[in-house]
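**Student:** Kindly return the folded structure for what I paste below:
(one chain, ligands or ions: 1)
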Amino acid sequence: MNEVTTVTDAAVVKPVPTLPDAQKVTEVKHYTDRLFSFRCTRPASLRFRSGEFVMIGLMGDNGKPLLRAYSIASPSWDEELEFYSIKVPDGPLTSKLQHIKPGDEVILRPKPVGTLVHDALLPGKRIWFFATGTGFAPFASLLREPQTYEDYDEVIITHTCRTAGELTYGRDIIEGLKDDELLNEVIGDGFWKKIKYYPTTTREDSPKMGRITDLINSGDAFKDLEVEPICPKNDRAMICGNLAFNLELKEMLENFGLVEGANSDPQTYVVEKAFLD
Ligand code: A2P
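**Tutor:** Prediction:
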């Protein structure tokens, strides 16, 4: 009997094995039945540039890590990491990831990469961030990055979603900028006046309806924002959304005279897919 008790006690005090590259979830927020965000601890060794992505995930049922590319939504100076995710009911990863709670562990491979970085663009006066759905994530990082306001006089962020509820995450980030102590200190009071936010919905009524691509083609977007049309001399752009959107907008920007850039060859616009299950 004693022996059994001893064995049981030993099992209880044995530390729970930690996942490789494990990080602890600190906060989870659900926005709609399709969207949620979470924050987790940041590995001390992880350095990244705002706008980059990493591989994150969970241990699969087969004992192998199930990882997907996720843009880091928090800025490079943040002590924690933030991610913004879709919930795909039968998606191998997000069907499970959507149930994480503070205290749970996620796997994070600390090798950041990506092209939605300031280094991949030539200097300009105005920067456009074009997002659909969870493609807002890298811009949630870049909008909280002081360099964005140091490098540009004007920052325009467009976000097209199906419903008004799907705009909430982005709207919260933008409203939070006014009270961001670091940005106010580094960039100065009122830095947020440089930002123009253009949210649109396609499947539910909201103050501005329509796909951003259509609103640019019709000229409505420029009229609403009270800005000159895009030109290669002044404008720089970053695109992140679903594949069809990326391709359509890429072509439109090239028709305005912009040229696709990369880390090794900075130009006037860059593009990245919002990764889905
Ligand atoms: P729509 O409702 O007209 O398809 P999703 O949630 O499917 O990733 O889509 C996010 C948003 O991107 C939706 O509002 C969707 O509009 C829009 N969208 C999808 N394809 C394109 C495209 N080719 N150009 C512009 N917007 C698009």
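
**Student:** chain center to stretch 22-38: distance?
**Tutor:** Distance, stretch centre to chain centre, for stretch 22-38: 13 Å (Cα atoms, centre = their mean, to the nearest Å).

**Student:** For that stretch, buried residues please.
**Tutor:** Neighbour counts over stretch 22-38 (16 or more other Cβ atoms under 10 Å) mark 22-23, 25, 28, 31-32, 34-38 as buried. For glycine as for every other residue, the C-beta is placed from the backbone atoms N, C-alpha and C.

**Student:** Spatially, which two of the residues you listed are the most separated?
**Tutor:** Ala22 and Thr32 (28.2 Å; Cβ to Cβ).

**Student:** correct me, but Ser95 touches Leu66?
**Tutor:** No - assessed by Cβ atoms under 8 Å, Ser95 is found out of contact with Leu66, at 10.5 Å.

**Student:** Quick check: end-to-end length of stretch 74-81?
**Tutor:** 6 Å (Cα to Cα, to the nearest Å).

**Student:** From the chain's centre, how far out is it? Work that out for me.
**Tutor:** Averaging C-alpha positions (Cα atoms, centre = their mean) puts stretch 74-81 12 Å from its chain's average.

**Student:** List the buried residues in it.
**Tutor:** 74-76, 78, 81.

**Student:** Between Ser95 and Leu66, point out the one with more neighbours.
**Tutor:** The residue with more neighbours, out of Ser95 and Leu66, is Leu66; 16 against 13, by other Cβ atoms under 10 Å.

**Student:** Could you give the backbone dihedrals for that one?
**Tutor:** Torsion angles at Leu66 (phi, psi; degrees, to the nearest 10) stand at phi -110, psi 110.

**Student:** Then Met55?
**Tutor:** phi -90, psi 130.

**Student:** give me the number of residues near Lys233?
**Tutor:** Count around Lys233 with other Cβ under 10 Å applied: 8.

**Student:** quick one on the thing from earlier: out of the buried residues of stretch 74-81, who's nearest the ligand?
**Tutor:** Ser74 (22.1 Å; Cβ to the nearest ligand atom).

**Student:** Spatially nearest residue to the closest residue to the ligand within the stretch 51-200 of the chain (excluding sequence neighbours)?
**Tutor:** Closest to the ligand within the stretch 51-200 of the chain is Thr132: 3.4 Å, counting by Cβ to the nearest ligand atom. Excluding the flanking residues, the one nearest Thr132 by Cβ to Cβ, 6 or more residues apart in numbering is Gly241, at 3.3 Å.

**Student:** Quick check: residues of the stretch 1-150 of the chain near the ligand?
**Tutor:** When proximity is defined by Cβ under 6 Å from any ligand atom, the stretch 1-150 of the chain lies next to the ligand at 132-133.

**Student:** Can you show me the helices along the stretch 1-150 of the chain?
**Tutor:** Ranges of helices in the stretch 1-150 of the chain, per DSSP state H, counting those that start in this stretch, are 2-13, 94-97, 137-142, 146-151.

**Student:** If I average pLDDT within each of those, which one is lowest?
**Tutor:** Of all the helices of the stretch 1-150 of the chain, helix 2-13 carries the lowest average pLDDT, namely a mean of 42.
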